[in-house]
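Trainee: Below is the sequence, then the predicted model.
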Amino acid sequence: MLLEPRPILAKLRQNIFLLSLGGYVAILAGWYASNGVLFQFSLGLWALALLPLTLILGRSTQFVKELTPFLVLLLSYEALQGVAGSLALTPVIHPTTSSSMMAPNDFYQNVQSAFLSPKLTDIMTFVYGLHFPLIMLASVTLWYSNKTLYKGYVYSLVGCSYVSLMFYIIAPSAPPWYNGIVTNLLANTSAQTGSPGIVGEMARIGSLIESDKLAAFPSLHAAYVVLFGYFMIKLKKIFALFSIPITAGVLFSTIYLGQHYLADLVSGISIAAVSALGATRLIRKQRTSADNGSIVSGQLRLRNSDPCTALSRICSC
């Protein structure tokens, strides 16, 4: 007895998001294996370690099920960080040709010289590494507060990550410090010199989440933090009081630390905007399809019900 193709295709369409993520990780795993590179999974393991805390707070195993696509994205974050520099490929450095059109090289040098301070460098290093913890914070907050926004947030993250990964593989680009325009201040923090204190510890934590040096364009720091700010404000307007300063701080840190050009930030923000718009339209389309399906199923139930019962329902209306 042959299986009908339509139910199978329907199930594939319903799970296309999970299938895409699974295929994404499978391709990355094969690529890493063929080049003899091992996964580190450092950030993904931190996310898994925090998972029991969310279960205790929420007392809901459903959270694990709905968090699965998000966890898959976290576990593949290592690829987004290091795929351009770790694979056995000859790097092609693109110094972002449009960067000089948006701002001359003197602009980045002036920013560093005007604000240069050991304490500020430590603080900005910590802020620079916030883009990843903010993903965790936003995902948990949105899941408990608004499932529709949570779904849109995850879809947007995946969209940004896919597009950025293609850029990193096809056209790896170097940051300003790599091209000798400014100093790499991430290498001059208290975390690197072993200085004690709270600020030094903050810098050490931020330096653990440093991106690959050949993955500057587009800026995932900009994309992720803008998505964080957008969805948190969309959840509650009052959240703008902290989300806007955090977003501005992360964006400033990328320039101050010499990690990105303005063109990198603009491209990251643009990708985030397009991803959020696409996710919103996709969810709206899914909701419309679900509503239409509910109406059709209700009409079928009414048609197949007992005539007397159906007549009484019509009269009661």
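Mentor: Good, I have the coordinates.
Trainee: Kindly confirm my reading that residue 259 is in a strand.
Mentor: No - counting by DSSP: H, G, I helix; E, B strand; the rest coil, one finds residue 259 to be coil, located in no strand.
Trainee: how far away is it from residue 279?
Mentor: Plainly put, residue 259 is 27 Å away from residue 279 if you go by C-beta to C-beta, to the nearest Å. Every C-beta, even on glycine, is put in place using the N, C-alpha and C of the backbone.
Trainee: Look at these two and report which has more neighbours.
Mentor: Set side by side, residue 259 and residue 279 give different neighbour counts by other C-beta atoms under 10 Å, the larger being at residue 259 (25 against 22).
Trainee: Nearest residue to the more buried one in space, please, no chain neighbours.
Mentor: residue 175 (4.9 Å; C-beta to C-beta, 6 or more residues apart in numbering).
Trainee: can you count the residues close to that neighbour?
Mentor: With neighbours defined by other C-beta under 10 Å, the count for residue 175 comes to 28.
Trainee: residues in contact with it?
Mentor: The neighbourhood of residue 175, defined by C-beta atoms under 8 Å, 6 or more residues apart in numbering, consists of 184, 213, 216, 258-261, 264.
Trainee: and it, backbone torsions?
Mentor: Reported as degrees, to the nearest 10, the phi and psi values for residue 175 are phi -80, psi 170.
Trainee: and residue 182, that's in a strand?
Mentor: No - with the criterion set as three-state DSSP, the secondary structure at residue 182 is coil rather than a strand.
Trainee: how close does it sit to residue 218?
Mentor: Taken as C-beta to C-beta, the span from residue 182 to residue 218 is 19 Å.
Trainee: more neighbours, those two?
Mentor: Counted by other C-beta under 10 Å, residue 182 and residue 218 do not tie: residue 218 has more neighbours, with 26 against 23.
Trainee: Look at that one and tell me its secondary structure.
Mentor: With three-state DSSP as the basis, residue 218 sits in coil.
Trainee: for it, what are its contacts?
Mentor: Contact criterion C-beta under 8 Å, 6+ apart gives 163-164, 167, 264, 267-268, 270-271 as the residues in contact with residue 218.
Trainee: So for the residue nearest to residue 259, what's the pLDDT?
Mentor: At residue 175, the pLDDT value in this model is 82.
Trainee: swap in the one 3 residues further on?
Mentor: The predicted local distance difference test score for residue 178 is 80.
Trainee: Equivalent analysis for the one 10 residues further on, please.
Mentor: We have a pLDDT of 68 for residue 188.
Trainee: rewinding a little: can you list which of the contacts of residue 218 are found in strands?
Mentor: Using DSSP state E, the subset of those located in strands is empty.
Trainee: Which two among those are spaced furthest apart?
Mentor: Maximum pairwise distance in those, criterion C-beta to C-beta, is 13.5 Å, between 163 and 264.
Trainee: more neighbours, the two?
Mentor: Of the pair residue 163 and residue 264, residue 264 is the one with more neighbours under other C-beta under 10 Å, namely 27 against 20.
Trainee: Distance check, that one against residue 108.
Mentor: Separation of residue 264 from residue 108 (C-beta to C-beta): 11 Å.
Trainee: Also residue 217?
Mentor: For residue 217, the distance to residue 108 (C-beta to C-beta) stands at 15 Å.
Trainee: now swap in residue 259 and tell me
Mentor: Spatial separation of residue 259 from residue 108 under the definition C-beta to C-beta is 10 Å.
Trainee: Identify the contacts common to those two.
Mentor: Both residue 259 and residue 108 are contacted by residue 176, under the criterion C-beta under 8 Å, 6+ apart.
Trainee: quick one, helices of the stretch 151-300 of the chain?
Mentor: 190-193, 198-207, 220-235, 240-256, 262-304 (DSSP state H, counting those that start in this stretch).
Trainee: and the contacts of residue 218, which are buried?
Mentor: The neighbour-count test (16 or more other C-beta atoms under 10 Å) applied to the contacts of residue 218 identifies 163-164, 167, 264, 267-268, 271 as buried.
Trainee: Including pLDDT and distance to residue 149, could the residues you listed go into JSON lines?
Mentor: As requested, the buried ones among the contacts of residue 218 are exported to JSON lines (pLDDT from 0 to 100; distance: C-beta to C-beta, whole Å):
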{"residue": "163", "pLDDT": "81", "distance to residue 149": "21"}
{"residue": "164", "pLDDT": "79", "distance to residue 149": "22"}
{"residue": "167", "pLDDT": "78", "distance to residue 149": "27"}
{"residue": "264", "pLDDT": "87", "distance to residue 149": "27"}
{"residue": "267", "pLDDT": "90", "distance to residue 149": "25"}
{"residue": "268", "pLDDT": "90", "distance to residue 149": "21"}
{"residue": "271", "pLDDT": "92", "distance to residue 149": "19"}
